[in-house]
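Peer 1: can you look at this prediction? I've put the sequence above it.
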Amino acid sequence: MTAKNSIYLHYANTLNSSFLYKKLGLNFPTNIFYIKDGEDEYFYVPFFEFDYLKKFSKNKNIKSLSELQGSNNNYFNAIINFLKRKNKAIIVPAFFPSWLFDKMTKNDLQVLIGDAYFFRTLLIKDESELGMIRETAESLKECFAYIKDILDRTAVNKGQLYFEKKILSSKSLSEIINIFLAARNIKCELPIIACGEFAYYPHCQKEHFLVANKPIIVDLGVSNNENGYYVDSSKTYFVGAPKYKKFIKLYNDITEVKSLLEENMKVGKLISEAYAKAVKMMSRRGIEIIRDKIPTRKHPDAICHHSLGHGVGRNLHQLPIVDKNAHVEFEENMVIAIEPGAYIKGIGGLRIEDTYLITKNGNVNLTGVR
């Protein structure tokens, strides 16, 4: 089915559709219809939203649903009749409302699910999006500098960490971080602070005390309160020398893996190939990828039980996933988080993550701090 013989249709609002937010640049809760017919792209909206969207949205091709024949009785029937007169197949995204999909098919419309157009719109960022992402990234870099300063100023008593004479826990450090971010109009819904054996779990939310000489993973996926664009970054800290000396080697290994991924994040290269090179290096260093399987080695030095990265936008985790199945090329203006890690059950783990912009000359680390 070619674009010439089909119409792209979506029905949602910009709070639950990153696609529509990118098209319109506004947050609003009302569901609207998006239609792309060949080169024509327009939005049918309820009358009470018409003036607002016509004046303030990025796209000025706003139409009122009241213009449609039969709209006084039922907007949905009016849209269906409008589409039937086009006599074309309708392509909708997978997250299209199922009830509306059923209603359309029962009215003899040919409705197909196809994500490619909608996905690509989100995959490649425009300059407006990149500006918002860069701004959030700068705030996150400031936050990690603040976290490092806190850990540098902690006192150690019987192995436990104290900051400003108060014992430091995963919860209390999360609260300090959220206060810092809120002052910059940034939010982090789920800070991941994991120390010692808790650092084995990639998304640990179990409250625990932070201790010296063991790894402390701080993983922050943050977004701007107004525009909702995310960046994602993880750092691993030690207060004092690592008790488990193997972490020194593992930290260096993961740093090299991350550098290898950076070298291969270039326009035209397959994501799956970059992943394969990283996995090969990890395997040589004794780190085994064990996603959805039992370790093939009897006693691997360490494991990594998650992907090595993901796309970032108005969703913290979006396609493409950096794994063996990502048979797509890096493209200019993609934004991708890279996050190699190494974990030892019962002992802990470490992860180093940054968000990158793919450029025509390579990539730029948006969240990197020294």
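Peer 2: Ah, there it is. Numbers count the residues shown, from 1 in each chain.

Peer 1: what's across from residue 287 in the sheet?
Peer 2: residue 302 (DSSP bridges).

Peer 1: and for residue 270?
Peer 2: residue 329.

Peer 1: list the contacts for it?
Peer 2: Neighbour list for residue 270: 326, 327, 328, 329, 330 [criterion: C-beta atoms under 8 Å, 6 or more residues apart in numbering]. No exception for glycine: its C-beta is placed from N, CA and C like everyone else's.

Peer 1: thought the fourth one was touching residue 268?
Peer 2: Yes: in terms of C-beta atoms under 8 Å, residue 329 counts as a neighbour of residue 268; the distance is 5.6 Å.

Peer 1: between those two, which one's more packed in?
Peer 2: Set side by side, residue 329 and residue 268 show more neighbours around residue 329, with 16 against 8, by other C-beta atoms under 10 Å.

Peer 1: how far does stretch 343-350 stretch from one end to the other?
Peer 2: This stretch, stretch 343-350, spans 6 Å end to end (C-alpha to C-alpha, to the nearest Å).

Peer 1: quick one: residue 245 from residue 181, how far?
Peer 2: Between residue 245 and residue 181 the computed distance is 34 Å (C-beta to C-beta, to the nearest Å).

Peer 1: who has more neighbours out of these two?
Peer 2: Using other C-beta under 10 Å as the criterion, residue 245 and residue 181 rank with residue 181 on top: 23 against 9.

Peer 1: of all the contacts of residue 270, which two lie farthest apart?
Peer 2: Within the contacts of residue 270, two members stand farthest from each other by C-beta to C-beta: 327 and 330, at 12.1 Å.

Peer 1: need the residues touching each of the two.
Peer 2: With C-beta under 8 Å, 6+ apart as the test, residue 327 and residue 330 both reach 270, 271.

Peer 1: among these two, which residue is more densely surrounded?
Peer 2: Set residue 327 next to residue 330 and count neighbours by other C-beta under 10 Å: residue 330 wins out with 22 against 10.

Peer 1: all helices for the stretch 1-150 of the chain, in order.
Peer 2: For the stretch 1-150 of the chain, applying DSSP state H, counting those that start in this stretch gives helices covering 18-24, 47-56, 75-86, 98-106, 116-123, 127-152.

Peer 1: tell me which of the ones you listed sits most buried.
Peer 2: For the helices of the stretch 1-150 of the chain, the largest average neighbour count (mean count of other C-beta atoms under 10 Å) is found in helix 18-24, namely a mean of 21.

Peer 1: run through who's touching it.
Peer 2: By C-beta under 8 Å, 6+ apart, helix 18-24 touches 10, 12-14, 27, 32, 34, 41, 43, 53, 57-59, 93, 118, 121-122, 126, 129, 228, 313-315, 318.

Peer 1: can you list which of those residues are found in strands?
Peer 2: Of those, the ones assigned to strands by DSSP state E are 10, 12, 32, 34, 41, 43, 318.

Peer 1: and which of those is nearest residue 175?
Peer 2: Using C-beta to C-beta, the ones in strands among the contacts of helix 18-24 come closest to residue 175 at residue 318, 28.1 Å.

Peer 1: enumerate every residue touching the residue nearest to that closest one when sequence neighbours are not counted.
Peer 2: Leaving aside its sequence neighbours, residue 318 sits nearest to residue 311 (C-beta to C-beta, 6 or more residues apart in numbering; 4.3 Å). By C-beta under 8 Å, 6+ apart, the contact set of residue 311 is 123, 317, 318, 319, 320, 321, 334, 335, 336, 337.

Peer 1: could you redo the last one with a cut-off of 6 Å?
Peer 2: 318, 319, 320, 336 (C-beta atoms under 6 Å, 6 or more residues apart in numbering).

Peer 1: give me the three-state assignment for residue 205.
Peer 2: Assigned with DSSP: H, G, I helix; E, B strand; the rest coil, residue 205 falls in the coil class.

Peer 1: and it, how many neighbours?
Peer 2: 14.

Peer 1: quick check, pLDDT for it.
Peer 2: You'll see residue 205 listed with a pLDDT of 94.

Peer 1: contacting residues for it?
Peer 2: Residue 205 neighbours (C-beta under 6 Å, 6+ apart): none.

Peer 1: that one and residue 190, how far apart?
Peer 2: 7 Å.

Peer 1: not counting sequence-adjacent ones, nearest residue to residue 236?
Peer 2: Per C-beta to C-beta, 6+ apart, closest to residue 236 is residue 350, 4.0 Å.

Peer 1: helix or strand: which one has the one you found?
Peer 2: Assigned by DSSP states H and E, residue 350 belongs to strand 348-351.

Peer 1: please save the CA atoms from the very next helix or strand once past that strand in CSV.
Peer 2: Next in sequence after strand 348-351, counting helices and strands by DSSP H and E, comes strand 354-359. The C-alpha trace of strand 354-359 is given here as CSV (Å, rounded to 0.1, in the frame of the first residue of the first chain):
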residue,chain,number,x,y,z
ASP,A,354,24.5,9.1,28.6
THR,A,355,22.2,10.5,26.0
TYR,A,356,23.6,11.2,22.5
LEU,A,357,22.6,13.2,19.5
ILE,A,358,23.6,11.6,16.2
THR,A,359,25.1,14.2,13.8
